[in-house]
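Asker: Sequence isn't available, so here's the structure alone:
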């Protein structure tokens, strides 16, 4: 399996890496503090920023790019839980305008814009995360493998699967799928079993975990300090940057 990087950060299962989603602009001193607390990457959740305006978002991304050396992931989610207010053509244009300032893009696996944006991103040397989110349940293994087949038909570098786990068996199902590691994976459970999933996922091969700095962007998402402390206790022999 080929190595995967986002900017300067190599993504192997161990040592665990932490991406911090941002739901709005942060001042430079907060970005520095976030890095000091153990954040390895920033996910810019532009669909959650205060204004869905292209010019505003581009200006804010450029400010963040100038204020930090952490790699940036651009995400403009559009699903039932986070509907994008504009047309898909606007979302596609916004993704493309952001490519010079970010290191990776996170695109929904089945969005109509995904193939076009992914090809442009890879042509510019950017990493492409193709993601699937299910806020209600963890699908059965057959559906998880269907997602894998769909991923292989797209120009992506990492498959991300985030699902709601309502009981331990669903966490085990997601971890078991991750352990097969047929492609680079990011897997995480949402909801009441989120912390268990994030604690164990690196052992099973998941390449990245997510933790919030100011407020959660997903159900059950742990805080950055909490997750960093947990990783330090669970993986004491691994060098944590």
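Answerer: Thanks, I have the structure now. The structure presented is a predicted model; accordingly, all values stated were derived computationally and were not measured.

Asker: Grab the nearest non-local neighbour of residue 94.
Answerer: residue 54 (5.3 Å; C-beta to C-beta, 6 or more residues apart in numbering). C-betas here are computed from N, CA, C, even on glycine.

Asker: Hmm, residue 90 and that neighbour touching each other?
Answerer: Yes - contact criterion C-beta atoms under 8 Å: residue 54 and residue 90 qualify, at 7.0 Å.

Asker: List the contacts of stretch 166-177.
Answerer: With contact meaning C-beta atoms under 8 Å, 6 or more residues apart in numbering, stretch 166-177 is reached by 137-138, 140-141, 144-145, 161, 163-165, 187-189, 191-193, 196-197, 200-201, 204.

Asker: hmm, which of these are the buried ones?
Answerer: The neighbour count (16 or more other C-beta atoms under 10 Å) marks 138, 144, 161, 163-165, 187-189, 191, 193, 196-197, 200-201, 204 as buried among those.

Asker: Could you tell me how far residue 99 is located from residue 131?
Answerer: Going from residue 99 to residue 131 by C-beta to C-beta, to the nearest Å gives 18 Å.

Asker: all helices of the chain, in order?
Answerer: 28-36, 54-67, 88-98, 114-123, 141-152, 168-180, 194-204, 224-234 (DSSP state H).

Asker: dump the residue contacts of residue 35.
Answerer: By C-beta under 8 Å, 6+ apart, the residues touching residue 35 are 68, 70.

Asker: and the gap between it and residue 16?
Answerer: 16 Å.

Asker: Can you pull out the low-pLDDT segments for this structure?
Answerer: Scanning the chain for pLDDT under 70 picks out 1, 238-241.

Asker: how many neighbours does the residue nearest to residue 217 when sequence neighbours are not counted have?
Answerer: Excluding its sequence neighbours, the residue lying closest to residue 217 (C-beta to C-beta, 6+ apart) is residue 21, at 4.3 Å. Neighbourhood size, residue 21 [other C-beta atoms under 10 Å]: 22.

Asker: Having no further points to raise, I will conclude here.
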